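Peer 1: 3D, please:
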Amino acid sequence: MSNPVPPTDDWLDDECRRLLGFGRDIGHPVGGAAWLDDVGRPDLSRPVHTWITSRTVHVYALGHLLGVEGCTSIATAALDGLRTTLHDDEDGGWFTAVDADGAPTGTAKSCYDHAFVMLAASSAVVAGLPGGDSLLAEATDVFERHFWEEPVGRVVDEWDRAWATPTPYRGLNSSMHSVEAMLAVGDVTGERVWHERAGRIASYVVGLASSHDGRLPEHFGPDWSVDLELNRDRPDDPFKPFGATIGHGLEWARLLLHVEATLGDAAPRGLLDAARLLLDRAVADGWDVDGAPGFVYTTDWDGTPVVRNRMHWVAAEGIAAAAALHRRTGEEAYADRCAQWWAYVVEHLRDVERGSWHHELDPDNRPQSSVWPGKPDLYHAVQATLLPRLPLSPSLASALALSDGVPPPA
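Peer 2: Numbers count the residues shown, from 1 in each chain. From the prediction side, this is the model:
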């Protein structure tokens, strides 16, 4: 894969539409969006998840804004699932998941899920989907009352069902998706406070990146004391893995640049430098480090690979981060990285025969499913086809609306 040629805008557009076609049957009989198997069929043995349903609303709202046939009905049906099936009518907010009978599979209320509900609602409003405005109003109200924590300026990770007691755990994953959602909500509502909140979290991440040499801690106690040992015995946990998560370093690199572009002169200091550091560390620790191309999933705190499987979302976020840094700096080294990682996607992850991208590869780049069986998630891959073609601000749905559904050339 020496000297790869970056994909053209036409190729990216075709790939985006191909990916959207994979989820045409994503609706679940009980409501919301199903977990999809390897060929795009709903896996009805699995619960209906709020995060998958929310991402489905978001992705297919983007498809609607692109004028892709069939996307409107998919986004609308998933949005209805958030308003009904997954909504807790008794205590408010959203369940993490429900089973085939519509009963909640657990009692926790998670920031991760609620951040994605906000993102879904903001994209639905931009797309003009019925029910989007009321969903956004409720989602932002719930988030402000329960997940945003003043005066620390960060988020609570999880509550019990009745919102009586928060768990002591604090996490950077929910913080990351809260930043993404807050930027989108601020763009849609015009309420600057959401952008400012995103900036406060971003400022904290800048400090974490600099004090840990670009390897971001993921897990914290209730006072935000760093816990570097959590899940050492379960290093491949899909949501709370041990160690430094390569893909999150890349994702944060991009998000810091979105925050900078959104806040302008009011942005926290050091966002660009931190973005560079995070991408450089992810490359040094994670890319092509064990005898085969691809990003390893996680590393120990000295950079030693821990889980060497290759996840599709990590490559997607690498592409998006490199594209963002190229747009911000104009430096060709980042465009070269973007092209290199697209070439890896085409060679190893893109599944032309069955659709979408393989969600997980083993260390030799062969498909496997120890962490992510099936292909439940279009969010990272679809965004990787759009972010290189759009400005750093506003957020995706608003940017597509402003460009009348046609991304401008890079």
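
Peer 1: helices along the stretch 301-410 of the chain, start to end?
Peer 2: Secondary structure of the stretch 301-410 of the chain (DSSP state H, counting those that start in this stretch): helices at 312-329, 332-344, 379-386, 396-402.

Peer 1: could I get those as CSV with mean pLDDT and distance to Arg354?
Peer 2: Backbone N, C-alpha and C define where each C-beta goes, glycine included. Output for these, formatted as CSV (pLDDT from 0 to 100; distance: least, C-beta to C-beta, whole Å):
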stretch, mean pLDDT, distance to Arg354
helix 312-329, 98, 14
helix 332-344, 98, 19
helix 379-386, 98, 14
helix 396-402, 97, 26
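
Peer 1: next, format these as a markdown table and append mean neighbour count and distance to Arg83.
Peer 2: A markdown table is the format used below for these (neighbours: other C-beta atoms under 10 Å; distance: least, C-beta to C-beta, whole Å):
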| stretch | mean neighbour count | distance to Arg83 |
| --- | --- | --- |
| helix 312-329 | 25 | 27 |
| helix 332-344 | 20 | 37 |
| helix 379-386 | 24 | 20 |
| helix 396-402 | 21 | 19 |
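
Peer 1: reformat these as TSV; add distance to Asp113.
Peer 2: Output for the helices of the stretch 301-410 of the chain, formatted as TSV (distance: least, C-beta to C-beta, whole Å):
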stretch	distance to Asp113
helix 312-329	17
helix 332-344	29
helix 379-386	14
helix 396-402	19
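
Peer 1: for stretch 349-368, give the mean pLDDT please.
Peer 2: Mean per-residue pLDDT for stretch 349-368: 97.

Peer 1: give the buried residues for that stretch.
Peer 2: Judged by neighbour count (16 or more other C-beta atoms under 10 Å), stretch 349-368 contains these buried residues: 349-351, 355-361, 363, 365, 368.

Peer 1: tell me the two of the residues you listed that are most distant?
Peer 2: Taking every pair in the buried residues of stretch 349-368 and measuring C-beta to C-beta, the maximum separation is 24.4 Å, between Gly355 and Pro363.

Peer 1: what sits against Val206?
Peer 2: With contact taken as C-beta atoms under 8 Å, 6 or more residues apart in numbering, Val206 is in contact with Leu256, Pro268, Arg269, Gly270, Leu271, Asp273, Ala274.

Peer 1: helices - which of the residues you listed land there?
Peer 2: Of the contacts of Val206, the ones assigned to helices by DSSP state H are Leu256, Leu271, Asp273, Ala274.

Peer 1: helix or strand for His114, which one?
Peer 2: Per DSSP states H and E, His114 falls inside helix 111-127.

Peer 1: quick one: mean pLDDT over that helix.
Peer 2: The pLDDT scores in helix 111-127 average 98.

Peer 1: stretch 46-60 now?
Peer 2: For stretch 46-60, mean pLDDT rounds to 98.

Peer 1: what of stretch 210-220?
Peer 2: pLDDT averaged over stretch 210-220 gives 98.

Peer 1: stretch 22-34 too?
Peer 2: The pLDDT scores in stretch 22-34 average 98.

Peer 1: by contact count, what packs against the helix holding His114?
Peer 2: The contact analysis (3 or more C-beta pairs under 8 Å, 6 or more residues apart in numbering; DSSP states H and E) places helix 111-127 against helix 50-65, helix 71-83, helix 132-146, helix 172-189, helix 396-402.

Peer 1: tell me which of those helices sits nearest to Thr165.
Peer 2: helix 132-146 (11.4 Å).

Peer 1: which residues touch the closest one?
Peer 2: Residues contacting helix 132-146 (C-beta under 8 Å, 6+ apart): 79, 82-83, 92-93, 109, 114-115, 117-118, 120-122, 124-125, 156, 159, 163, 178, 181, 185, 188-189, 194.

Peer 1: looking at the ones in helices among the contacts of Val206, spot the one nearest Arg215.
Peer 2: When these are ranked by distance to Arg215 (C-beta to C-beta), Ala274 comes first, at 12.6 Å.

Peer 1: quick one: residues contacting that closest one.
Peer 2: Contacts for Ala274 were tallied using C-beta under 8 Å, 6+ apart; they are Val205, Val206, Ala209, Ser210, Ala253, Leu256.

Peer 1: at 10 Å what do you get?
Peer 2: Counting by C-beta atoms under 10 Å, 6 or more residues apart in numbering, Ala274 makes contact with 202-203, 205-210, 214, 216, 252-253, 256-257, 260, 268.

Peer 1: lovely, talk soon.
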